[in-house]
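# My questions concern the predicted model and sequence given below.
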Amino acid sequence: ELTVAPAPRFAYALSGADATITVFGVDLETGRLAPKGYEPAPAGASGGEQLCVHPSEAFLYASNTGSDAIAVYAVDPLEGWLSARGTTPAGPGPHRMVLHPSGRFAFVVSMASSELFVFDVDAVTGELVHARAPISVGTRPVDVTLDPEGRFLFVAFAGALGSGGGAGVQGYSIDSANGAVTPSGARVPLDGLEPSGLRVDPARNAVYVTLAQSDSVLPMRYHQTTGALAALTPDAAGDKPEALVFDPLGRFGFVANKDGSSVSSYKVDGPSGQLIPSGTAATGSQPSAVAIDTAGRFLYVANHGSGDVMLFRVGAEDGALEEVDLWSVRSSPVDLAIVRGARAPIVRTRSLHAVNGGSSDVSSFALDATTGAATERHPTSPTSVDPAAIAVHPRHAFAYVAERGAQSLGTYRVDAASGALSPLGLATHVEGVPW
């Protein structure tokens with residue numbers, strides 16, 4: 001069998017402060033991000049927690065503590081913009097979420113109530129519906145993940161507040177017909193070790209959990225028939241490891257060390273699943289999330305403390321990281337998500353605009369896609385007196401003109417076909433002289 005990994009097209013960063021989402025385009029060749037804009041949080045939402053992509057990649061989910069709900073967005077497959085589709089209550093937060101590979105079920109854990117919620121997913125709208133009665137799980141669940149086939153669910157819980165008593169990881173079998181879960185085997189005890197991040201190896205029957213108290217990562221193997229867990233030997237990590245991710249082929253693993261402001265990279269030993277260190281790369285302050293592109297060439301790190309996202313190139317032989325670039329995002333980023341596509345994004349400049357101070361209008365130009373030649377369209381669009389500068393909204397629907405003579409900022413709608421501007425209400429007065 002032969003398959004081609006779809007190219008990454010869009011990336012999203014969730015703010016832990018106001019739950020807004022920064023939207024990026026992704027360059028296929030370099031992995032670099034092109035900031036496009038922001039998606040505001042739903043009413044009442046704050047304290048963003050996690051982003052989760054539907055297997056169809058048509059929907060994006062964001063949990064938050066402000067409204068104790070999961071918001072669902074439709075993803076524009078051409079531009080990557082998000083359209084809010086509604087919110088679903090999910091018990092008191094913090095929350096963690098995972099979607100079944102079939103796209104039919106969503107599993108959400110509530111840390112405050114120590115419960116697991118199972119939802120059906122509406123195939124048309126992406127909304128979470130038909131919630132079952134919540135299921136009691138271990139005390140203070142902190143993360144949840146699935147095996148690649150969707151047969152088993154794994155939940156990590158931190159245990160009693162303060163002592164960490166009762167912490168551990170539990171496996172569950174999943175009924176493929178209705179999403180019901182049943183415990184599989186005994187809990188792997190992690191009393192007092194402060195488990196945080198939990199991920200499944202995409203290439204072998206192994207689960208990994210970060211342990212902040214012992215600065216380590218614990219590999220576990222799960223039974224391929226029952227899903228029961230068996231712990232292996234812990235592997236050393238940096239200071240207070242939290243998030244982790246594996247490349248799509250299961251060759252390399254990456255762990256964000258929150259207090260160490262670093263990412264540890266590992267080679268994964270095929271037969272055993274143990275992690276073999278291959279390097280440590282410095283990050284910004286308090287790295288909180290890691291995400292990898294579909295080909296395993298680039299790693300993205302969200303730094304909660306420094307408010308930015310970093311790009312690293314992944315070494316083909318050992319997974320060692322090389323820093324490439326950095327972008328500022330909305331404050332306190334807590335998670336990243338990447339959405340793929342069947343083809344790389346195509347950047348199209350729809351119109352070019354130039355302000356004409358002497359005639360107090362704006363000229364619109366059509367651009368030749370091959371040569372870049374600009375052809376002026378007529379008529380021009382009138383503005384207030386002596387326009388000095390123009391800026392076009394990332395979605396191309398609006399333009400803003402600094403009008404020096406009138407000491408104002410004018411807002412205009414941009415015609416998609418002609419590029420012509422039409423005013424939207426009265427211009428906004430500004431102090432000083434716009435330039």
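All right, it came through fine. Numbers count the residues shown, from 1 in each chain.

# The residue nearest to R413 when sequence neighbours are not counted: neighbour count?
Counting by Cβ to Cβ, 6 or more residues apart in numbering, the nearest residue to R413 once its immediate chain neighbours are dropped is S422, at 5.1 Å. Bear in mind the C-beta positions are built from the backbone N, C-alpha and C, glycine included. For S422, the tally of surrounding residues (other Cβ atoms under 10 Å) stands at 10.

# wait, what's in contact with S422?
The neighbourhood of S422, defined by Cβ atoms under 8 Å, 6 or more residues apart in numbering, consists of 381, 412-413, 415.

# Would you mind measuring from it to G80?
Distance, S422 to G80, by Cβ to Cβ, to the nearest Å: 27 Å.

# Of the contacts of S422, which belong to strands?
Mapping the contacts of S422 onto strands (DSSP state E) picks out 381, 412-413.

# Make a PyMOL selection of the buried ones in those.
Only the buried entries of the ones in strands among the contacts of S422 go into this PyMOL selection, using 16 or more other Cβ atoms under 10 Å:
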select buried, resi 381+412
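
# Any chance of the ones in strands among the contacts of S422 in a markdown table with distance to K267 as columns?
Putting these into a markdown table (distance: Cβ to Cβ, whole Å) gives the following:
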| residue | distance to K267 |
| --- | --- |
| S381 | 59 |
| Y412 | 55 |
| R413 | 54 |
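
# with the ones in strands among the contacts of S422 in mind, which one is nearest to L60?
Taking Cβ to Cβ as the measure, L60 lies nearest R413 of the ones in strands among the contacts of S422, at 27.5 Å.

# my read: that closest one touches H393, true?
No. Using Cβ atoms under 8 Å as the test, R413 is too far from H393 to be in contact (9.9 Å).

# tell me, what's touching the two both at once?
Taking Cβ under 8 Å, 6+ apart as the contact rule, R413 and H393 both touch A399.

# I'd like to know which of the contacts of S422 is nearest to V207.
Closest to V207, out of all of these and judged by Cβ to Cβ, is R413, at 52.0 Å.

# buried set for stretch 327-334?
For stretch 327-334, a neighbour-count test (16+ other Cβ under 10 Å) marks 327, 329-330, 332-334 as buried.

# which residues touch A373?
A373 makes contact with L367, according to Cβ under 8 Å, 6+ apart.

# Just the CA atoms of stretch 311-319, as PDB, please.
These are the backbone C-alpha positions of stretch 311-319, laid out as PDB (Å, rounded to 0.1, in the frame of the first residue of the first chain):
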ATOM      1  CA  LEU A 311       9.800  26.400  14.900                       C
ATOM      2  CA  PHE A 312      12.500  23.700  14.900                       C
ATOM      3  CA  ARG A 313      13.800  21.500  12.100                       C
ATOM      4  CA  VAL A 314      13.900  17.800  13.100                       C
ATOM      5  CA  GLY A 315      17.100  15.900  12.400                       C
ATOM      6  CA  ALA A 316      16.400  13.000  10.000                       C
ATOM      7  CA  GLU A 317      18.800  10.600  11.800                       C
ATOM      8  CA  ASP A 318      18.300  11.200  15.500                       C
ATOM      9  CA  GLY A 319      15.500  13.700  15.900                       C
END
